[in-house]
Every structure is written in C-alpha cells, then in structure tokens.
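1. Here is my input, please return the structure:
(2 chains)
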Amino acid sequence: MVERMLKLLLKNRILALADQFSGQKKGKRALDVRRIAVLAGAAVLILAVGGFLLSGILGPLYTNMAESGMEWLYFAMTGGVAFLVSFMFTSIYAQGAIFEAKDNEMLLAMPISPAAILGSRIASLYFLNFLFDAAFMATAGIVKLVQGGTADAAGVIQYVICIFLLTLFSTTLSCLLGWLVSMITRRIRRKAMFQLFISLALLGGFYAIILGDLNRHIQTITENSESIAGVFRGVLYPFYAMGAACTGKDFGMFLIFAACCILPFGLVCFVMNKSFVRIVTSRSALKKIRYEAGKLKSSSAIWALTKKELTCFFNSSSYMLNTGLGLLISVGLTIMIAVNVNNSAAGKAAETAEAVQSEPGFLERIGSMIGPDGLMLMLGLILAVFAAFVYISGPSISVEGNNIWILKSSPLRASEILKSKVYAHLTVAVPISLVSSLILVITVPGMHLLAVVYAFLMPLLAHIFCAQIGVIANLYFGRLNYPSMAKAVKSNSAALIPLLSTGAVTLLPFILYFSVLKDTGISFRMITIISLGLMAVLNTGMFAFLHSAAAQKRWNAIGQ
Amino acid sequence: MLKISHYTKQYSSGGPKAVDDLSLHIRPGEIYGFLGHNGAGKTTTIKACCGILDFTEGEILVNGMSIRKQPLECKKIMAYIPDNPDLYEFMSGIQYLNFIGDVYRVPADKREKRIAEYSADMGITDALAEKIASYSHGMKQKLAIVAALMHEPKLLIMDEPFVGLDPKAAFILKKFMRTFCDNGGAIFFSTHVLDVAEKLCDKIAIIRGGKLLADGDIETVKGNESLEEVFLELVDNIRVGDEQDQDGGKNA
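-> Numbering: from 1, shown residues only, chains lettered A, B, ... in the order given. Alright, predicted model coming up:
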C-alpha cells in the first residue's frame, strides 16, 4: 500500500517538474512519452550547457592539479563547488516544496503515510540537486579523460556512484536549510523580505564562488594547493574522501565517503519523518495583532490600485527576486563602472592607452567609430538595457489569479487598472534608475550635456517602455490559472516579452548604426537622439493604447 | 432593480448553452433566491449580472441601465459576494476594506463608521490588522460581506453567501438581508440551503441545465408542499413520498 502510494506521489512530483519545464497547463495529467521526453530533454540541456561552460574552468584546474600529483584535490574541489551550488539553488525550493506545500494537509487526510509524502518530496529535491551535481561532476570526469587521464570500468562505476552519493549530501543540507527557513518564517511577519534576503545571500555566494574572478581563484588554488589540500584533509574530510574515491584508486575512501553521505541523510530523513506532521500542520507562532480603529486615509482609485500592486510585489520574495533583480544589477553595474573609471583615471589610463596603441582592441575600435563623447553616451545605453531585466508589470495580470473578480466587479475602467500596474512598476524602478544615473554622472569624468541628459532620460524611457509592454503582453498572452503567485511569476512566458522587447528596442538603433548606417554620414549623436525619440514615440503610443477601447475589450475578455 | 431578459450564455461558439433564455425580474424590496444543482448555471448567471462574464444573447438591466453598455454605473450601485471568497491575501483586513472604500469612492468618515459597524456585526473587528492569508474561510467570507456593504449598494448579488459562516454570522446576515430589502434594496442570491430560501426569500427561481423550471412568489411555486419537495420534483423528478415508500420497502 505504502509502496503504491509512494509511486503515485512520485509520479505526481515528476509531472509537476515536467509542467515547470514544458509550461503545460494543469489538467492533462498523463505521464506520456512526450512529457518524459521534455523532462529528459531539459535535464540533458542543463547538463550539456552547464558542462560546456564549466569545461573552460575545469580544464586548467585539472592540468595544474594533475601536474602536482593531486588529482584527488581536483575532484574534491569540483565536488565541493557542485555541492555548494546545488544546495544554494535548491534550499528555498525545499522550503516551499516540503514544508509549506499547499497540498500537505490534503495528502495527510488521505490514506497515505507521512513517510510516503515526505519521500516523494525529497525525491524531487534529490532530482534537482542531481542536475547540478551531475553537471559539475560529469564535466570534471570528461575533462580528465580528454586531458589524458585514464579510467577502468570499476573506476567509472565508483565515480558515477560518487555523484549519486554527493547528491545525497547536498539534499541533506537543502532539507536542513529549508527546514530552518520554514521555522523562522513561521515566527516573523516580514516573511517575504527574509526569504528575499536568504535568496540574495545564496545568489551572492554563488557569484562569489563561481562567477567572481575565476582566473584569480584558479591561480590562488594552484599557488596554495598544499595548504588547500591540508584544509580538505582536515575540516572538509568528506570531500577529501570523495576526491580520493573519484580517482578510482582508493576503495576505502569510497566507503568512508559513502558513510559520510548516507548516515547524515538517513538521520535527517528519520528526524523529518518523525516531526513531519507536526511541522506542516503547525500554525504561525506569531502573536495576533489586535486591530485598533484609527483614522483611515482615502485616496483616488488609481492610487489605491497602485498601492495594491506594490503591496503584492513587496509581499512575495519570488516576485521581487524574479522581476526586480535587474535593479540590483543596474546599481551594482553603475558602481562598478564608476570604480573602474576612477581607477583608470588614477593610474591605469596611461597603461591602458599604451596597450590599446600597441594592439588595437574592441574598445579602441568602437571609440574610433563613435568618438570619445560617444563612449560616454554608451554608458547611459548600458543602464537602459538593464531596464529590460526589471519586468515587474510583466506578470501583474497573471498574479491576480482567482482574485480577478474583485477588479472585474468593481466600477473601474480597464485603463485605470492597467495604468496602476504600470505606475507600480515605475514607482519601484524609477527612483533606483535615477540613483544609478546620478552615480554615473557624478563619478564619470568628462560627461558632456547630451551624455548627462541621455544617462537620465534613456534608462527612464526604457523603464516606462518595459512597464507598458509588460502590461500589454500580459493582457494578450497571460493566463490566470497558475496554482500560486510564485508560479505566475516564474513560469509566465508572457513575462519574457518585456525583457526581450525592451532589450531589442533599446539596442536596435545602435545595432543598425554599427551594421549599416555608420558609413552613411549619420553621426553617433544623431542616432542617440533618434533612439530617444523612438522610445518616446513608442511610449506615447502604448500609453494611448492603455486608454483605448481595444484595451478595454481585451480586459473584458480575460477570464471569460 | 435587476431585470434579466432572455439571457443566454455559451462558453464556446457552437458549444452547449450553459444558460438558455433565462428571464427574471428582481424588484426593489425583494429577496430573490436562485436554486439549482451544481452546474445548473447559477454562478454563470450571477457573474453575468455583475459584469464579470459576458453573455451570448439577451440583456441584463440594473436599475434600468444595461450592464453591457453602462457597466461602471451599474457596478456603482451593486455589490457582489462570490461563493469562494478569494481576497488579496497579501493585504490585512483593514487594508482590503480601505482599498474597496477607495475603489467605490466612499468618503473616509463614512467608511470608518461602516467598517466599525459591519465588522462588529460580523465579529471580525479584532482580526482586521492581521493578513487575510491568516484568516479562516469563514472569516474571509465575513470580510467579503463587510467589503460588499461599504458603499451601501442598492442591489446585492450573492453566490452561496451562507457557506462557511458560523450560526451567529448567518443569523446576522439573514437579519441584515431582510432589513436591507425592507429599506428598498434588492437581493439576488443563490443557495443550496432550501430551508434558508423557504424562510428568507420573497421569490425564488429554480434552474436546471441552464433552463428555468419555475419562478415567482415562494408561496405560488411551492403551493401546499415544502420547498424541498417541490425542488426535488422539479429538478430530479423525484417525489419525496415515493422515495420514502421505496426506502420503507427496502428497509422492510
């Protein structure tokens, strides 16, 4: 009975994962060949793309480690990084999928054992972790073979088992962090902000480990391989055991690594199984706030709607993280540009100029085409392109979901509703855009008047464009039947339209200039002014559309 | 107050008619019950009356205004309470009520007074500072009722309003419905609770498979029988006496 139930639940989890990749609507629940193929295809694609990108990093690392006779350290470090990355990306998923899944109580009311429910959820978490771990470890193995390393059949089998064991290890930690986050969020009011903080911390960690200055990391590792090896032999012993096991020469170490992975996993499963019902059925530990009547502020309908949109945005960590991350990137990028420009001014300018003279590079060639003032204009353009990564309005109609009746039955025009979604987007994006522009204008020397105007105006117009096209795209291509707000934000293909179209419209005049128009006598300044004009015209057109009968008709058709 | 004439709804062109040629007239001062099995077309009709769903044929007039041609004017004088109170869970109760007050342009002093009065009646005043996500189904239903009354509508349209309410709140709602209509308002509501319909409604309509089976004064529709007997006869072709005899036979 338990076995059958577990099988059914596992099938259900696989279908849910397949739905995420294929964008399949709920309702067609058959686990057919096509959907298995979609899931398998997605897994292979992730592994292939991830592997391809990783091979460029792992290649030099393997060469250095193999030369110094520490092949095990190569596997230990790759395994360690795979473990960290998979754990970072799946911890928040673990919280939602295991401890705060909406169907937990429904399933517990059915003749299904808690162990089966927990088992099915951990299995899907294991699968996700495996994708990350396999991307790293399979690539590491292939890199070794390509670079001349050898392996016998027993070694390969041992290596493959090591990947499965490593996934057990990362799943254990994902479960623990998910559990911890779930316990904390039951005790705090600003749940969304806490989840956002955790997600950003994990993403920041990922950036620091993986995307930071890789060449410097590899150099540091090579120079300090002995001391790093010491650390692995000491506090990171499980990874030392894994590294040794992965070389295929030390079966004892393989057994030690297996024990290091299986025992904690078993222990965590045992404890979670014992307390699963209590955790998922416990109510918030927060003290109730008693309402004290006070003065209420009235506001216009459109401002009330805008405030509603903002409350929705700031109360969902997945909404903030998925659609607002571009704001953080744009501020970070501005600071980076400012710091680098100042560094150049402080001492590197001569060095850079010399390098450019001796070997003309990309920047020098661009500079000769558009002139030094053109380079200043390009800075504003970069900020404008990053507006595309802020698509708060993109899923704003889809997130209404079952609440759509409130707006539909209220005496509101479609234009008021749609504009409020645009205004909410701009309320979040514009202040940060202005700050980014201000940092740029203050810190970059030599900004002439047009560049200053452009640095403020172009990102602003790009944000307005993105906000409006987001609402319009969601109006035409959005769905309302997502099972949760997080799904409406993450799985909404309509939300990609503002991202892609804003990027395209911002860059199009410049692409045309460099590919076709640069020899026709049109100056780069002129193209800049044309691009501003184009953006203004498009924005005015979309604003007029939001007030049109066509928009009202389309709004009326939603949910029919 | 609400006039439904030859209302027909098809969800897809050429598909089956969810509601077929329905005509009803709800006058000021009337509580009008709308009865039928699940899937009979009650919610479809109610949503069309509120301007949520469009319709294929016919006309719906609210206080003489067409819901299609003058939807905003119609919506200003009516309120809708759905069967499943899906509300903005990211808001607190008071935030939601204030939002509804803004949307219906209720002056601040009036909304404060009405919120205090109606939420006290429904027993949710203390919980208004909490997020709606933490509310039970019944509390959400009560909040939806308070929100619906904020702008003092002339027409109340409710889909299964008693589902999830505790006995006290149900009693208060029934009392309110009567007072509301005695003061010139009109109520059109669907229910499965035949006892409530029998005791509360001035008129009823019974619908099956999208077609109107009976409508009019409750006394005229039920005659000498109970509403339950009439409903089962009309909708399921079951005579309650026959059913009891059959049961008796089986038991014996």
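
2. Tell me which residues touch residue B:187, please.
-> For residue B:187, the contact set (C-beta atoms under 8 Å, 6 or more residues apart in numbering or on different chains) comprises B:26, B:30, B:31, B:32, B:155, B:156, B:157, B:158, B:177, B:180, B:181. For the C-beta atoms, the positions are set from N, CA and C on the backbone; glycine is no exception.

3. residues near residue A:517, how many?
-> A count of nearby residues for residue A:517, using other C-beta atoms under 10 Å in any protein chain shown, gives 18.

4. ok, the closest residue to it other than its chain neighbours to residue A:533 distance?
-> By the measure of C-beta to C-beta, 6 or more residues apart in numbering or on different chains, the closest residue to residue A:517 outside its immediate chain neighbours is residue A:527, 7.0 Å from it. According to C-beta to C-beta, to the nearest Å, residue A:527 stands 11 Å off from residue A:533.

5. And residue B:117, by the same measure?
-> Counting by C-beta to C-beta, the gap from residue B:117 to residue A:533 is 56 Å.

6. Tell me the helices and strands packed up against whichever strand or helix holds the residue nearest to residue A:517.
-> Residue A:527 belongs to helix A:524-546 when assigned by DSSP states H and E. The helices and strands touching helix A:524-546, judged by 3 or more C-beta pairs under 8 Å, 6 or more residues apart in numbering or on different chains; DSSP states H and E, are helix A:362-386, helix A:414-443, helix A:449-477, helix A:496-515.

7. Point out the most buried one among those helices.
-> With neighbours taken as mean count of other C-beta atoms under 10 Å in any protein chain shown, the helices and strands packed on helix A:524-546 reach their highest mean count in helix A:449-477, at a mean of 23.

8. In terms of secondary structure, what does the following helix or strand past that one contact?
-> Where DSSP H and E defines the elements, the next helix or strand beyond helix A:449-477 is helix A:485-490. In terms of contacts (3+ C-beta pairs under 8 Å, 6+ apart), helix A:485-490 is packed against helix A:317-343.

9. mind listing what's buried in the helix it packs on?
-> A:317-328, A:330-331, A:333-334, A:337-338, A:341 (16 or more other C-beta atoms under 10 Å in any protein chain shown).

10. any weak-confidence spans in chain B?
-> When residues are selected by pLDDT under 70, those of chain B lie in B:238-252.

11. Based on its surroundings, how many neighbours for the closest residue to chain A within it?
-> The minimum distance from chain B to chain A, using C-beta to the nearest C-beta, falls at residue B:102 (3.3 Å). Using other C-beta under 10 Å, residue B:102 has 23 neighbouring residues.

12. what helix or strand is it on?
-> helix B:93-103.

13. start to end distance for stretch A:181-199?
-> Using C-alpha to C-alpha, to the nearest Å, the end-to-end distance of stretch A:181-199 comes out at 11 Å.

14. average pLDDT for it?
-> Per-residue pLDDT values over stretch A:181-199 give a mean of 80.

15. tell me which residues in that stretch are buried?
-> Within stretch A:181-199, the residues that count as buried by 16+ other C-beta under 10 Å are A:181, A:182, A:185, A:186, A:191, A:192, A:194, A:195, A:196, A:198, A:199.

16. again, but for stretch B:26-38
-> B:26, B:30, B:31, B:32, B:33, B:34, B:35, B:36.

17. And stretch B:111-130, by the same measure?
-> For stretch B:111-130, a neighbour-count test (16+ other C-beta under 10 Å) marks B:111-112, B:114-115, B:118-119, B:121-122, B:124-125, B:127-128, B:130 as buried.

18. Also within reach of chain A: list those from the residues you listed.
-> By C-beta under 8 Å from any C-beta of the partner chain, the members of the buried residues of stretch B:111-130 lying near chain A are B:111, B:112, B:115, B:125, B:127, B:128, B:130.

19. Helices - which of these land there?
-> B:111, B:112, B:115 (DSSP state H).

20. Kindly present the residues you listed as JSON lines, with separate columns for distance to residue A:106.
-> Putting these into JSON lines (distance: C-beta to C-beta, whole Å) gives the following:
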{"residue": "B:111", "distance to residue A:106": "38"}
{"residue": "B:112", "distance to residue A:106": "40"}
{"residue": "B:115", "distance to residue A:106": "34"}
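
21. of all those residues, which comes closest to residue A:459?
-> residue B:111 (39.7 Å; C-beta to C-beta).

22. Would you mind naming what in the stretch 101-250 of chain B lies close to chain A?
-> Residues of the stretch 101-250 of chain B lying near chain A (C-beta under 8 Å from any C-beta): B:101-108, B:111-112, B:115-116, B:125-130, B:134.

23. switch the cut-off to 6 Å
-> B:102, B:103, B:108, B:111, B:112, B:116, B:126, B:128, B:129 (C-beta under 6 Å from any C-beta of the partner chain).

24. Give me the secondary structure label for the residue nearest the centre of chain B.
-> Nearest to the mean C-alpha position of chain B, counting by C-alpha atoms, centre = their mean, stands residue B:158 at 2.1 Å. At residue B:158 the chain is in strand, as set by DSSP: H, G, I helix; E, B strand; the rest coil.

25. For chain B, which segments count as helices?
-> B:42-49, B:71-76, B:93-103, B:108-122, B:137-149, B:167-182, B:194-200, B:218-222, B:227-236, B:240-251.
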